[in-house]
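Enquirer: Provided below are the primary sequence and the corresponding predicted coordinates.
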Amino acid sequence: MSMAGGQLMSGAGSGEEKTAAFPSVEWFDKLAEVAAENEESYRRLGPFDCTMVVAADDQFFEVTLLGYGIESVRHLYAVSDAAPSHFTIEAPLAVWREMLESIRANGAADREHTLASLTFQALPMRVDGPDQLEIDVFYRYIHSLQTLFNHSAEIDTTY
Amino acid sequence: MARHTAIVDVGLDRLREMMRGNFSLAWMDANPQGWGHSATPGPAGLGLVDIETGHYAQIPDHASSRASPAPRGCHVPAGIASSDLHDLNDRSVLWSDNVARLYDEAVSRQWNSLTDVPWDQLGELPTDLEKALCQMCTGLAQAELGAADLTAGWMSRISPGFHEVKLFLATQIMDEARHMEVFRKRALANGGGLLIASPCQQRLTSLIRHAPDYAAAGALMNVLAKGFSLALYHCGSFLAPGEVEETIFRLCMQDQARHLAYGVRHLEWFLGHHPERTEDIHAILDAGEQAIFELTLEPQTIEPRAILAGDGLQDIRAGLSQVAFVYARQVREYLRRLKVAGVDRQSRIRIPVELPLGRVGAERTQERMR
C-alpha cells in the first residue's frame, strides 16, 4: 500500500501512548506533542505560517501553525469566530474518522485518504475560506499538512 | 614588457600608498544611517521580513537607475555610472505586500526531484495510461519551461530597489525549472518518453511574452495560467496512477499556489495604484482566456487527461466528465482570485464557465470518488 507524505519517524523520547478523542482541543494538543517530537521532519519540508480550521459536523477547532509545528489550538463556536486569515477543512465526523483510522492502521494516509484525494471534488471533504487566496493557502502547505495528519498515527484516537 | 594601462597604473599607485600606511578607510563611515542595524529571527529562522526593518525597510516609490545595481540601503557615491540593466523602477507596477514573506516561504520549501520523489516505486502501466501520462508530462514540461524563461526576462529588468520582488521571481524561476525537470523525468523514466508539443501552449506563451507590460504579463501568467495549473495539479494528484505521480503533483501544487499568492496580490497592488488600467487588464484577459480555452480543448491536452480520468482509453468519453469538472473549477477559482485582486470579471468572461458535456460519464466519476 502506498503512503503519502512519507513514513513516520518515531517520536523521540515519548514512550507513552497518547490517547484523546477527536475532535477536541486535547486531541490537537496531542498532535502538537507528536509534531514537536518529530520537528526535524517539518524542518525538512519548510515552516508553517497559516491558520487551519478543522470542522467536523458542527464542531470547529482553530489550529494555528507556525514555524515547525502547532502554535495554538482553540475551540470555536462557529467558523466566524476564527482568525480573519484562515482556511477551513470541513467534513462529516465519519469522514474524519475513516481518514484517521486509515492513518492509524497504515502509519500514514493511503492514496484514498490523503487530503488531496479527499478534497479534490469538494466531497467528502471540502476546503473553504474567506476568499480564494485564503483557500489557496491550503495548497501552499499541503505536503506539510499531510505530514501533520500522518503523525496522528501515534495517537490512540477515540470518537 | 608592455606598458601598463592607466587603470593598472592608478591601482599600483594606490597599492604603493597602502604599503606606506596610507589607507582611505572612508568606506567605514560611508553609511551612518544604515549602521547599527540588527535583527531578531522569527519562528522559522532569520527571514527577509526580519531583516528589512528601519533604514532598510524604506522602499522607494521610484528607484533611481543611477544606483542600479547597488543594493538598497547602501550609500551610492556621486558619479557612479548606471549599469542600464534595470528599466522597471516603479514600485506601483511591481510590488505586492506579501512578496518578502513569500520569498522566505519559497526558499524554505524547496524540494528536489532527485530525492523527494520515490522513483523506486514506479510501476509498469498499461500502454494507454503510460502514453496519456507521458503526453500530459510533455505539455506540462513545455508550459513550465516557458514560464521560467518568461519570468527570467522580467526579473532581470527589475531594479534592485525592489530586491524582494527579484528574489521571489528567482525562486519562481527555480520552481518552474524543477517542474520542467520533474515532468520530463517522469516521461522518460518508465518505458515511455516525450510525445507531442502543443501549438496552443506556444500561443499562450507568446501572448504572455508580448504582453504590453509586467502587470499584464503577470495577470496572464501568475493569475490565469497558474490558477488553471493548480486545479490541474490537484486533479493529477487525485488521478495519479502511483505514488511517484501523486508526490510530484502534490509538491508542484505548493509551488503553484505560492506563485498565485504573489500574482493576485501584485495585480491588486497594481490596480490599486493604477485604476485607470483596469480596462487594459480586462483586454489582456480577454485574449488570455481565449488562449487557455483553446489549449484546454486541444487534442493532445484534453485527451490524455480524459484517458487518465477514465482509467484507460476504453473509458475516454467517461473521463471527459472529470475534465469538465476540473475546467469548471478552474474558471470558478480564476474568477474568485480576480475578485480578490479587485477585478470583477464575472460578467466579462469570454469563455464558457462550464464545458457542455451533460452527464457523460458522471457515474464513472462518482465511482472513482467512492
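Expert: That came through, no problem.
Enquirer: only C-alpha atoms for contact and neighbour calcs from this point on.
Expert: Fine.
Enquirer: B:V323 reaches B:E303, doesn't it?
Expert: No. Using C-alpha atoms under 8 Å, B:V323 makes no contact with B:E303, being 9.2 Å away.
Enquirer: higher neighbour count, the two?
Expert: B:V323 (25 against 22; other C-alpha atoms under 10 Å in any protein chain shown).
Enquirer: which SS state does that one fall under?
Expert: With DSSP: H, G, I helix; E, B strand; the rest coil as the basis, B:V323 sits in helix.
Enquirer: Excluding chain neighbours, what is closest to it?
Expert: Among residues not flanking B:V323 along the chain, B:A306 sits closest, at 6.2 Å (C-alpha to C-alpha, 6 or more residues apart in numbering or on different chains).
Enquirer: same check, this time on B:A143
Expert: Take B:A143 and drop its neighbours on the chain: the residue closest to it by C-alpha to C-alpha, 6+ apart is B:Q201, 6.6 Å away.
Enquirer: mind listing what that neighbour touches?
Expert: Contact analysis of B:Q201 by C-alpha atoms under 8 Å, 6 or more residues apart in numbering or on different chains lists B:G139, B:Q142, B:A143, B:L295.
Enquirer: and the last one, how many neighbours does it have?
Expert: Other residues within reach of B:L295, judged by other C-alpha under 10 Å, total 20.
Enquirer: Isn't it up against B:C200?
Expert: Yes. The criterion here is C-alpha under 8 Å, and B:L295 meets it with B:C200 at 5.0 Å.
Enquirer: Surely B:R258 is in contact with B:L102?
Expert: Yes. With contacts counted by C-alpha under 8 Å, B:R258 reaches B:L102, the gap being 6.9 Å.
Enquirer: who touches both of the two?
Expert: Counting by C-alpha under 8 Å, 6+ apart, nothing touches both B:R258 and B:L102.
Enquirer: Which pLDDT value belongs to the nearest residue to A:Y141 once chain neighbours are set aside?
Expert: Distances taken as C-alpha to C-alpha, 6+ apart put B:Q254 closest to A:Y141, at 6.1 Å, once the chain neighbours are dropped. At B:Q254, the pLDDT value in this model is 97.
Enquirer: and B:Q254, what does it touch?
Expert: Going by C-alpha under 8 Å, 6+ apart, B:Q254 touches A:Y139, A:R140, A:Y141, A:I142, A:H143.
Enquirer: How about residues contacting stretch B:55-63?
Expert: B:Q33, B:G34, B:R72, B:G73, B:N89, B:D90, B:R91, B:S92, B:S159, B:G161, B:F162.
Enquirer: out of those, which are buried?
Expert: By neighbour count, with 16 or more other C-alpha atoms under 10 Å in any protein chain shown, the contacts of stretch B:55-63 hold B:R72, B:G73, B:N89, B:D90, B:R91, B:S92, B:S159, B:G161, B:F162 as buried.
Enquirer: so which of these comes closest to chain A?
Expert: The nearest member of these to chain A, counting by C-alpha to the nearest C-alpha, is B:S92 at 21.2 Å.
Enquirer: so that closest one touches B:W269, yeah?
Expert: Yes. Using C-alpha under 8 Å, B:S92 is in contact with B:W269, at 7.1 Å.
Enquirer: so A:I70 sits in a strand?
Expert: Yes. Assessed with three-state DSSP, A:I70 lies in a strand.
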